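> build the 3D model from these lines:
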Amino acid sequence: MGKKRLTALALTATMVFLSACSVNMGESTESKKPEATKSGAVEASGPKKVVFWHAMGGSNTKVVDQLVADYNASQNKIKVEAVYQGNYDDLLSKLKASMGTSEGPSVVQMYEIGSRFMIDSKAITPMQNFIDADKWDLSQLEPNIAGYYTLGGKLYSMPFNTSNPVLYYNKDLFKAAGLDPAKPPKTFEELKVAADAITKSGKATGANFAIYGWFMEQLFANQGAEYVNNGNGRTSNATQSQVNTEPGVKVLTWWKDLIDTKAANNLGRKTDDSKKAFSAGQVGMILESTAALKGLVDSASGKFEVGTSFLPKPADAKEGGVVVGGASLWVMNNRPDDEQKSTWDFIKFLTTPKEQAYWHVNTGYFPITKKAYDEDIVKENLKKFPQFQTAIDQLHQTKLNTATQGAVMGVFPEARQIVEGAIEEVLNNKKTPKEALDAAEKEITSKIQTYNKTVK
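This is a model prediction of the structure:
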């Protein structure tokens, strides 16, 4: 997914942001007058300006810039300006700082775990408003992708960069360990057997999973389990974490056993370290985002063959699936109505099959539009990277429910960090899985309840 490491957001900052939103961004403001520029001059004519703040760094910046250039060249009434604002946390900080000024964006990209936060801010115009007014066909979107950003039957933001986690494995190491590379592990139990065999072969360590809270969230959903109460925060605002329930304890007990028996190693929180170890042939299996697929396959070229498989789960788990990760686009409601409508026009352009095909092939993120898979460049890319079919099948086979839609809570970034701390405590023999998760649940629940008081 290219997901970046999240840092904890201070709760006090959350309160300040919400307070600012309620004062400065609570209502849509319509202006009949020409818009003022930064210098104070008035633009009497020319295309309507739309400012797009995003967090797509590295090579993905160029892809975003190309999408914007394509849109600007397609018509002459609207001009979009894309502005890279750093990682997701940097972007959120800059968004908060822009409150009450004319310097904010027309549309902002926000990571999925900021969704509850964005809704509660009252700073956005729900995407559903534009969809209804325009009679836009919502069925053209992938339902399992749109599902995350839908609450109460309303789509609040437009999915943008979307990914899932899959199991990557080294087929050559499987062969060397006497394993069938055509039969990757599907369950926790099967993965343990495969990891043991690889480690005992002396060729590499069996597996490595970066200490990443996103993986815990996914392993909950894959067991058909909810991460927070009240329908994963979807039937009503969450009031309690459920990270210490049986699904969580199962995950950490299994994970610690892999470490204790040398079937897996612990390289810490950085997903890049896990990917580097895999690419170097030092570990046989890792969990990673589908957005990392092209990079992992390319880095292994000439050294070994990369295989992909669904996210594993306990053999006795309930039916589950994966939750989409990544980010979506939110329209800010303090912009004039005509600017918001221009922003919607740009967003519609981004959802077209041609643009989604370009986005997918050049970034590795899922197309959000079904018909993008009919585009020739997507078909050709799938022939080049057949491993991506695993990701497509895993997404499509996931049945959408409150577990697989994913949890929503206003303190999700903090919660993810707390869970990572709990995983570290267990893997470093400081606490048992239940002890660590009980402490994490208590801390997360306290933060949720404090947050809820600020949004009433």
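> name the element residue 278 belongs to?
helix 271-279 (DSSP states H and E).
> any buried residues in the helix or strand following that helix, and which?
Next helix or strand after helix 271-279 toward the C-terminus (DSSP H and E): strand 283-289. For strand 283-289, burial by neighbour count (16 or more other CB atoms under 10 Å) applies to 283-289. Heads up, the C-betas are built off the backbone N, CA and C, glycines and all.
> okay if I get the residues you listed as CSV plus distance to residue 180?
Shown next, in CSV, are the buried residues of strand 283-289 (distance: CB to CB, whole Å):
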residue, distance to residue 180
283, 19
284, 14
285, 14
286, 19
287, 21
288, 22
289, 26
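> may I ask which two of those are separated the most?
Between any two of the buried residues of strand 283-289, the greatest separation by CB to CB is 18.6 Å, found for 284 and 289.
> what about residue 329, which SS state?
Put simply, residue 329 is strand when judged by DSSP: H, G, I helix; E, B strand; the rest coil.
> OK, contacts around it?
Residues in contact with residue 329 (CB atoms under 8 Å, 6 or more residues apart in numbering) are 107-109, 127, 157-160, 347, 350.
> run a quick neighbour tally on the nearest residue to it once chain neighbours are set aside.
Closest residue to residue 329 apart from its sequence neighbours, by CB to CB, 6 or more residues apart in numbering: residue 158 at 4.6 Å. Counted with other CB atoms under 10 Å, the neighbours of residue 158 add up to 23.
> same question, residue 172
Neighbours of residue 172 (other CB under 10 Å): 19.
> residue 203 reaches residue 173, doesn't it?
Yes. Counting by CB atoms under 8 Å, residue 203 does reach residue 173; the two are 5.7 Å apart.
> buried set for stretch 166-185?
By neighbour count with 16+ other CB under 10 Å, stretch 166-185 contains the buried residues 166-174, 176-177, 179, 184-185.
> widest-spaced pair of those residues?
Pairwise over the buried residues of stretch 166-185, using CB to CB, the maximum falls at 166 and 176, 22.1 Å.
> tell me which other helices or strands the helix holding residue 278 touches.
With contacts taken as 3 or more CB pairs under 8 Å, 6 or more residues apart in numbering; DSSP states H and E, helix 271-279 sits against strand 205-208, strand 283-289, helix 293-300.
> so which of the ones you listed gets nearest residue 147?
Nearest to residue 147, of all the helices and strands packed on helix 271-279, is strand 283-289, at 18.5 Å by CB to CB.
> that closest one pairs with which strands?
strand 165-170 (antiparallel), strand 205-208 (parallel) (DSSP bridges).
> now do the helices in the stretch 101-250 of the chain.
Counting by DSSP state H, counting those that start in this stretch, the stretch 101-250 of the chain has helices at residues 115-120, 127-134, 143-146, 171-176, 188-201, 213-221, 229-233, 246-260.
> looking at the ones you listed, which is buried most?
Most buried of the helices of the stretch 101-250 of the chain, by mean neighbour count (mean count of other CB atoms under 10 Å): helix 213-221, with a mean of 25.
> quick one: it to chain centroid distance?
12 Å (CA atoms, centre = their mean, to the nearest Å).
> that helix vs strand 165-170, what angle?
Orientation check (axes from the mean of the first three to the mean of the last three CA atoms, to 10 degrees): helix 213-221 against strand 165-170 gives 110 degrees.
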